[in-house]
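[1] got a predicted structure here, sequence first:
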Amino acid sequence: MFDKIMSNLLGDSETFDKWDALQPADSDYMLFSPTAVGYNSTAEQIYLFQNLLIGFTPESSILDIGCGRADMRKFINELYDISPIYTGVDLNPLMSDAAKRKYDYDIIVGNFETTKFENHDWVVASGVFTERRCETEQEDMQRILDNIDQMYQLANSVVSFNLLSPINTKQYDGFFYVHPGLILDILIEKYQYVLVRHNYSKDVFTVTINKTK
């Protein structure tokens, strides 16, 4: 497993560079560019997937919120040599078309806040909470906390998601930044078993909530 993870991180640099350089006018942009699904690079996407899935086991089912092209399903498939029990949902219908074209996989098009799902072992959201969605920071914070609680209710075992940190990084208009210490305090008080991983970049960190020890 360690060798597979290292292989994923290192990847095929020539292919990664080709995908990273794709522009919106290129025919393969929606299928291969990491920018089309909210990442700076293909390597970053893979690293964050691994952060989100630490402790994941092959028999676990997973609900992927904001799934984009369902790249996470492919990542799990390659890492564990399985076809995972996977449900993906995304607001953008272009992502549904890309998932079908790239992996021949059907995702749900819709808002996870109003869509009914069966419970899954893992509930994951990557990049869903990075952009501002409300008029004030207080409203944005409350909406994120409400979304986390929705995810928690849908999870049998684990909830995992990414946030942007305001510490030692430049902040941009239209994006929402949450101090990792603040979110850790709030979530520990409510859910108890919480882990923050600020181990990749200055601005992105991963939160994992375990429903059991």
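    Cool, got the structure.
[2] which helix of the protein spans the most residues?
    helix 137-154 (DSSP state H).
[3] which secondary structure elements does the next helix or strand after it contact?
    Following helix 137-154 in sequence order, the next helix or strand is strand 155-164 (DSSP states H and E). On a contact count with 3 or more CB pairs under 8 Å, 6 or more residues apart in numbering; DSSP states H and E, strand 155-164 meets helix 42-52, strand 120-125, helix 137-154, strand 204-210. In this view, the C-beta of every residue, glycine as well, is placed from N, C-alpha and C.
[4] so which bits of strand 155-164 are buried?
    Ala155, Ser157, Val158, Val159, Ser160, Phe161, Asn162, Leu163, Leu164 (16 or more other CB atoms under 10 Å).
[5] how about the residues you listed in JSON lines, adding distance to Thr114 and pLDDT?
    As requested, the buried residues of strand 155-164 are exported to JSON lines (distance: CB to CB, whole Å; pLDDT from 0 to 100):
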{"residue": "Ala155", "distance to Thr114": "18", "pLDDT": "97"}
{"residue": "Ser157", "distance to Thr114": "24", "pLDDT": "97"}
{"residue": "Val158", "distance to Thr114": "23", "pLDDT": "98"}
{"residue": "Val159", "distance to Thr114": "19", "pLDDT": "98"}
{"residue": "Ser160", "distance to Thr114": "22", "pLDDT": "98"}
{"residue": "Phe161", "distance to Thr114": "18", "pLDDT": "98"}
{"residue": "Asn162", "distance to Thr114": "22", "pLDDT": "96"}
{"residue": "Leu163", "distance to Thr114": "22", "pLDDT": "96"}
{"residue": "Leu164", "distance to Thr114": "25", "pLDDT": "95"}
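[6] kindly reformat those as TSV containing distance to Gln171.
    Converted to TSV, the buried residues of strand 155-164 look like this (distance: CB to CB, whole Å):
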residue	distance to Gln171
Ala155	30
Ser157	34
Val158	29
Val159	26
Ser160	24
Phe161	19
Asn162	16
Leu163	13
Leu164	8
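[7] before we move on, the earlier item: okay, the angle between the longest helix of the chain and strand 155-164?
    150 degrees (axes from the mean of the first three to the mean of the last three CA atoms, to 10 degrees).
[8] what sits against the residue nearest to Leu52 when sequence neighbours are not counted?
    Spatial nearest neighbour of Leu52, chain neighbours left out: Ser160 (4.5 Å); criterion: CB to CB, 6 or more residues apart in numbering. Counting by CB atoms under 8 Å, 6 or more residues apart in numbering, Ser160 makes contact with Leu52, Leu53, Trp122, Val123, Val124, Ala125, Thr206, Val207, Thr208, Ile209.
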